[in-house]
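**Q** Got a sequence here, can you build the structure:
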Amino acid sequence: MSIETADPGHGHSPAAWTAVTIMLVAVTIGTIAFFFDTQWLVWASAGLLVVGALVGWVLARAGYGVGGSKVAEKAH
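**A** Residues are numbered from 1 along each chain as shown. The predicted model follows:
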């Protein structure tokens, strides 16, 4: 049982959405490339997966993450 009271926000931010979208595209391309036995494209999609994670981190550091200065909070 956790006693933390701070809500992490569950990733509802432009940084999270952008990172997840890029990473989903990378996994989709990688899966199709693996099926068609295109090794260079599998590795390129693995690189794109890393790029997606880096983009999310950079956007979060730039203020587009949960609780960031450039994100307007919405009431649920």
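
**Q** What sits closest to the residue nearest to the spatial centre of the chain if chain neighbours are left out?
**A** Geometric centre of the chain, nearest residue: residue 19, 2.2 Å, by C-alpha atoms, centre = their mean. Leaving aside its sequence neighbours, residue 19 sits nearest to residue 56 (C-beta to C-beta, 6 or more residues apart in numbering; 2.6 Å). The C-beta positions use only the backbone N, C-alpha and C, and glycine is treated the same way.

**Q** For the one you found, grab phi and psi.
**A** phi -60, psi -40 (degrees, to the nearest 10).

**Q** Can you verify my assumption that residue 64 contacts residue 57?
**A** No. Counting by C-beta atoms under 8 Å, residue 64 does not reach residue 57; the two are 10.8 Å apart.

**Q** Those two: who's more crowded?
**A** residue 64 (19 against 13; other C-beta atoms under 10 Å).

**Q** Backbone dihedrals for the more buried one, please?
**A** Main-chain dihedrals, residue 64, degrees, to the nearest 10: phi -100, psi 10.

**Q** Can you name the residues that contact it?
**A** The contact partners of residue 64, by C-beta atoms under 8 Å, 6 or more residues apart in numbering, come to 13, 14, 15, 70, 71.

**Q** For these, give me CSV that also has secondary structure.
**A** Converted to CSV, the contacts of residue 64 look like this (DSSP: H, G, I helix; E, B strand; the rest coil):
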residue, secondary structure
13, coil
14, helix
15, helix
70, coil
71, coil
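
**Q** May I see those residues arranged in JSON lines, with pLDDT as well?
**A** Shown next, in JSON lines, are those (pLDDT from 0 to 100):
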{"residue": "13", "pLDDT": "90"}
{"residue": "14", "pLDDT": "93"}
{"residue": "15", "pLDDT": "93"}
{"residue": "70", "pLDDT": "84"}
{"residue": "71", "pLDDT": "82"}
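
**Q** Of those residues, grab the buried ones for PyMOL.
**A** Selection of buried members from the contacts of residue 64 for PyMOL, criterion 16 or more other C-beta atoms under 10 Å:
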select buried, resi 13+14+15+71
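
**Q** helices and strands around the host helix or strand of the residue nearest to the centre of the chain, which ones?
**A** Using DSSP states H and E, residue 19 sits in helix 14-35. Contacts defined by 3 or more C-beta pairs under 8 Å, 6 or more residues apart in numbering; DSSP states H and E place helix 14-35 against helix 39-59.
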